[in-house]
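1. kindly generate the corresponding structure for this input.
(one chain, ligands or ions: 1)
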Amino acid sequence: MTTPQSKTLAVMTAEVVDNNTQHGWYENVVTFPEAMALLHSEVAESTDAWRRWGIDDATNTLISPAVDPGNLPKPEGVGSEFADVFIRLMDDAWLFGKIDLEAAAASPGQFGINMSFLTNMNTLHVMIARLSLVEETAFMDVTGEQDVAKAFGDILKFLRQLCGYYDIDLTWEYERKMAFNRTRPYRHGNKRK
Ligand SMILES: [Mg+2]
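-> Have a look, this model is predicted:
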């Protein structure tokens, strides 16, 4: 699969929104705190994937799309879980304020990356918790909306840094996971949220 470099975050967000609409995810839609809980769950899945396989891709390629085009193998591994974090992040930024995530992630500076994978996962959890707190108090301050956008952007920025550090092609992982998600049943078999 080639990586389309020209695809912008806005285009990818539109694809995510379209797919989520088709799969019923905006019926009985999540609240902000619920969305944050689900974002945490993808970070936890990244943690679990690392414990099992390190950074390696663990997708069962025995199921070949060439043999059965309608039965794509479920992508497994840290890269795929990072794609899940990315997909949810775009969806949430759209759902809760039509935030320009690319602009929000463009703030100067870099976050420190730890040599411990688990420590980096904890940092992602802390960032998501911080976004929850910022959102909860945003109405109290005129700068609240910008603060929420920045907290969203910081998570994407750190996620991209991690992909650079661990040599994960986030756009490629995004394309692979979206291709799989498009084949999944309505609400992935009637999941509650
Ligand atoms: Mg996942």
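2. burial of the one residue in the chain that gets nearest to the ion, as a residue count?
-> Residue of the chain nearest the ion, by C-beta to the ion: Asp84 (3.7 Å). For glycine as for every other residue, the C-beta is placed from the backbone atoms N, C-alpha and C. As a burial measure, Asp84 scores 21 neighbours (other C-beta atoms under 10 Å).
3. my guess is it is in a helix, correct?
-> Yes. Under DSSP: H, G, I helix; E, B strand; the rest coil, Asp84 sits within a helix.
4. residues in contact with it?
-> Contact analysis of Asp84 by C-beta atoms under 8 Å, 6 or more residues apart in numbering lists 42, 45-46, 177.
5. and the ion, which of these reach it?
-> Near the ion, judged by C-beta under 5 Å from the ion, the entries from those are 42, 45.
6. could you identify which of the contacts of Asp84 has the most neighbours?
-> Counting neighbours by other C-beta under 10 Å, Ser46 leads the contacts of Asp84 with 25 neighbours.
7. what parts of the chain come near the ion?
-> Proximity of the chain to the ion, by C-beta under 5 Å from the ion, involves residues 42, 45, 81, 84.
8. in helices, which of those residues fall?
-> Applying DSSP state H to the residues of the chain next to the ion, the entries found in helices are 42, 45, 81, 84.
9. could you dump those residues to JSON lines with pLDDT?
-> Listed next are these as JSON lines, based on pLDDT from 0 to 100:
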{"residue": "Glu42", "pLDDT": "98"}
{"residue": "Glu45", "pLDDT": "98"}
{"residue": "Glu81", "pLDDT": "98"}
{"residue": "Asp84", "pLDDT": "98"}
